[in-house]
Structures are given as structure tokens and as C-alpha cells.
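Visitor: Coordinates for the following, if possible.
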Amino acid sequence: MSAAAPVSTAPYDVLTIGRVGIDVYPLQIGVGLEDVQTFGKFLGGSATNVAVAASRHGRASAVITRTGADPFGRYVHAELRRLGVDDAFVSAVPGLPTPVTFCEIFPPDHFPIWFYRYPTAPDLQIRAAELPVEQIRAARLFWVTGTGLCQQPSRAAHAAALAARAGAGAGLTVLDLDYRPAFWPSRQEAGRELQAALPHVTVAVGNLDECQTAVGSRDPHTAAARLLDAGVRLAVVKQGPGGVLARTATESVQVPAIPVEVVNGIGAGDGFGGALCHGLLAGWPLERIMRFANAAGAIVTTRLECSSAMPSTAEVEQFLAAAHA
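Guide: Take a look at the predicted model:
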């Protein structure tokens with residue numbers, strides 16, 4: 001991929017691949033889009049948000065993705081740099097617009113979302129031959145998402161990236177199950193692609209609906225067991241108000257949700273993901289990782305936007321201290 005900035009010569013702590021876009025979110029809460037008068041513009045896209053979240057915890061991070069050759073694409077580069085994420089592997093696709101995403105905000109638990117990614121999205125035009133293979137091999141943690149498996153050529157690029165990780169005997173490779181029905185012909189096809197990817201990653205993380213798609217069960221313990229059977233070393237099942245379950249072959253941790261006043265729940269999973277990366281790289285005990293990631297996700301729900309809402313390590317620690325005071 002053509003570089004937009006000098007490529008780091010040191011291994012990244014966190015390297016993600018996948019979706020990017022512009023979140024155009026209403027600045028009015030509890031109002032349908034047809035009646036909204038004012039909007040805010042924010043950097044978005046799950047893989048991008050995770051890279052930002054990891055950077056907020058002091059991790060050297062980068063994202064592999066593609067934008068349109070348009071003003072929104074220029075905005076993506078500027079925001080990534082402002083938020084501490086290397087944009088060296090972000091390139092433009094002529095003829096396709098940078099995607100935009102709209103949502104409605106009806107707290108505490110209704111956040112309809114509309115993705116404008118037609119006829120396809122630039123981030124699904126990542127090609128295997130253009131991957132920064134050496135950086136993928138060297139990254140301490142490599143993060144992929146289910147969305148990247150939904151179309152070619154992105155699907156083949158993800159397969160090549162996972163093969164490069166395995167061939168290098170690399171460390172942590174995380175699959176965010178990230179099932180979005182609008183991106184797939186069917187849940188069955190999504191399930192087949194996710195199942196094919198699971199043997200090539202060390203960690204799998206998803207909510208109950210995503211686990212059902214990947215391994216056919218919404219029961220947290222059953223889903224975690226099936227993810228482990230598929231070859232991952234750590235299975236993380238997010239349960240919303242039910243908290244989060246994490247299991248390895250020898251350990252099981254259940255962490256309760258933290259009550260908060262929700263503003264927008266859309267970015268919580270990405271805040272969780274960036275914090276999960278940080279805890280895994282720090283080598284923390286599993287329960288500490290889950291409590292930290294759970295708290296990071298909770299903080300993001302109290303804020304409107306996604307990428308720029310990601311909390312710092314100090315914010316998460318202060319939030320946890322207050323929650324357990």
C-alpha cells in the first residue's frame with residue numbers, strides 16, 4: 001500500500017486492519033435523523049477505533065486501511081495523526097468515497113446505525129500484494145475484524161495477513177468477531193468465514209450475537225468453550241448488562257457490568273478492544289484485564305463519539321477506583 005508517512009522501523013505494539021470511516025453523529029439526543037438539525041463529524045470504523053484506543057494507553061499503534069481520494073480521506077489522515085496512530089498504511093482508492101456512518105441516539109440502549117458503503121467501501125479494497133507484511137509479522141499484537149472477511153479482495157488480504165503471522169511464529173493475534181448483518185449476504189456465510197479464521201488467531205472477542213454467528217450459541221459458557229475448541233487460547237464473550245466472560249483452557253473469569261449513565265453505546269466494544277490489547281501486552285492477570293477493558297468500554301458509553309471518546313489509562317484507573325470505592 002502506498003505510504004502516507006514514513007514507516008516505523010520498530011515493531012508496533014498494536015497493528016489493526018479493517019474498517020475506517022466518518023461518523024456523522026447527531027448532536028441532539030432522542031431525536032430521529034429526519035428531525036436532527038446539527039451533527040458532529042468524527043473519525044470512526046471499528047479497526048481504526050481500536051488503534052486509537054490502544055494509542056490512548058500509550059501503545060505504538062497503526063492501522064491498515066483505505067479511504068476515498070476525497071476530503072474525508074484527508075480528514076482520516078489528519079485525525080489519525082492527531083490521535084497518535086501511524087497512518088503509514090492508509091491509502092486512497094480512486095473512484096470510491098470515504099464511507100460515512102449515521103446513527104440515532106436514544107439512550108440507554110437504542111442506537112440505530114446506517115452505514116453508507118456503496119457500491120463497496122475502500123477499506124474492503126485492501127489487497128494481499130500491498131500488505132506491509134514485515135510490519136504485520138513484527139507487531140506485538142495484530143487485530144483483525146470479521147467485517148474484513150465479508151468481501152474480496154479484503155478477505156484474501158486478511159487470509160494472507162494471518163498466514164504471515166503464523167509463518168513468523170508471531171505473538172498475539174486477535175479476531176474481533178464484529179458481525180454486521182448489513183455487510184454480509186447471510187449470517188451463514190459470515191459464520192463460515194469466521195470459523196475458517198478462528199484456527200489462525202490466539203484470541204477471539206465478540207458479543208452474544210457475534211458468538212452465535214461464529215459458533216452457533218448465545219450461551220456465554222457454551223460459546224467460549226466452542227471458541228476454545230476452534231483453536232483460540234483466549235475467548236472473550238461480551239454480554240452487555242451481563243458483563244463479560246473470559247476463558248482459557250485453565251481459567252474462567254466473569255466480570256460484572258459497571259452501571260453508568262449511557263449517552264451512546266456504539267463505541268463501547270472498540271474502547272474495550274483497545275484496553276484489552278493494552279492489558280494483554282502488559283501481561284496482566286486475566287481478571288485485571290477484563291475489569292480494565294470492561295471499565296474502558298463503560299466510559300465510552302458515557303460520551304457521544306467513538307474514536308475521540310477513547311479513555312486514557314489514567315481515566316480508566318480513576319473510574320475503576322470510584323466504582324469500587
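Visitor: Buried residues, stretch 91-102. List them.
Guide: 91, 92, 93, 96, 97, 98, 99, 100, 101, 102 (16 or more other Cβ atoms under 10 Å). Yep, even glycine has a C-beta here, placed from its N, CA and C like the rest.
Visitor: again, but for stretch 122-137
Guide: Buried-residue list, stretch 122-137, by 16+ other Cβ under 10 Å: 122-126, 128, 130-133, 135-137.
Visitor: go on, stretch 233-249?
Guide: Neighbour-count burial for stretch 233-249 [16+ other Cβ under 10 Å]: 234, 235, 236, 237, 238, 239, 243, 244, 245, 246, 247.
Visitor: Specify the beta-bridge partners of the last one.
Guide: When bridges are taken as DSSP bridges, the partners of residue 247 come out as residue 235, residue 252.
Visitor: contacting residues around stretch 241-253?
Guide: For stretch 241-253, the external contacting residues (Cβ atoms under 8 Å, 6 or more residues apart in numbering) are 220-221, 224-225, 228, 233-239, 254-257, 272, 286-287, 289-290, 293-294.
Visitor: now the end-to-end length of it.
Guide: End-to-end distance for stretch 241-253: 16 Å, by Cα to Cα, to the nearest Å.
Visitor: what's the distance between that stretch and the middle of its chain?
Guide: Taking Cα atoms, centre = their mean, to the nearest Å, one finds stretch 241-253 lying 19 Å from the centre of the chain it belongs to.
Visitor: Show me where the stretch 201-325 of the chain has its helices.
Guide: Per DSSP state H, counting those that start in this stretch, the stretch 201-325 of the chain carries helices over the ranges 208-215, 220-229, 268-282, 286-301, 313-323.
Visitor: picking up where we left off before, can I get the buried residues of stretch 233-249 in a markdown table with pLDDT and distance to residue 266?
Guide: Putting those into a markdown table (pLDDT from 0 to 100; distance: Cβ to Cβ, whole Å) gives the following:
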| residue | pLDDT | distance to residue 266 |
| --- | --- | --- |
| 234 | 98 | 25 |
| 235 | 98 | 24 |
| 236 | 98 | 19 |
| 237 | 98 | 19 |
| 238 | 97 | 14 |
| 239 | 95 | 17 |
| 243 | 95 | 19 |
| 244 | 98 | 18 |
| 245 | 98 | 22 |
| 246 | 98 | 23 |
| 247 | 98 | 26 |
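Visitor: Show me the shaky parts of this structure.
Guide: When residues are selected by pLDDT under 70, those of the chain lie in 1-9, 167-170.
Visitor: what about dumping the CA coordinates of the longest strand seen in the chain to CSV?
Guide: Taking DSSP state E as the criterion, the chain has its longest strand at strand 61-68. Provided in CSV are the C-alpha atoms of strand 61-68 (Å, rounded to 0.1, in the frame of the first residue of the first chain):
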residue,chain,number,x,y,z
SER,A,61,-0.3,1.7,17.0
ALA,A,62,-1.1,1.8,13.3
VAL,A,63,-4.0,0.8,11.1
ILE,A,64,-4.0,-0.8,7.7
THR,A,65,-7.0,0.6,5.8
ARG,A,66,-8.1,2.6,2.7
THR,A,67,-10.1,5.7,2.2
GLY,A,68,-11.5,7.6,-0.8
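Visitor: pretty sure residue 164 contacts residue 133?
Guide: Yes: at 5.1 Å, residue 164 and residue 133 qualify as touching, with contact defined as Cβ atoms under 8 Å.
Visitor: Among the buried residues of stretch 122-137, which one sits closest to residue 25?
Guide: residue 123 (19.4 Å; Cβ to Cβ).
Visitor: So the closest one is in contact with residue 45, correct?
Guide: Yes: at 7.0 Å, residue 123 and residue 45 qualify as touching, with contact defined as Cβ under 8 Å.
Visitor: shared neighbours, these two?
Guide: The contact lists of residue 123 and residue 45 share 18, 19, 20, 21, 65, 99, where a contact means Cβ under 8 Å, 6+ apart.
Visitor: how near is the closest residue to residue 306 other than its chain neighbours to residue 82?
Guide: Excluding the flanking residues, the one nearest residue 306 by Cβ to Cβ, 6 or more residues apart in numbering is residue 267, at 3.2 Å. As for residue 267, its distance to residue 82 is 17 Å (criterion: Cβ to Cβ, to the nearest Å).
Visitor: ok, the two, which is more surrounded?
Guide: With neighbours defined as other Cβ atoms under 10 Å, residue 267 and residue 82 compare such that residue 267 has more, 27 against 12.
Visitor: Phi first, then psi, for that one.
Guide: With angles defined as degrees, to the nearest 10, residue 267 shows backbone torsions of phi -90, psi 0.
Visitor: give me every residue that touches it.
Guide: 49, 300, 301, 303, 305, 306, 307, 309, 310.
Visitor: nearest residue to the fifth one other than its sequence neighbours?
Guide: Spatial nearest neighbour of residue 305, excluding adjacent residues (Cβ to Cβ, 6+ apart): residue 42 at 4.1 Å.
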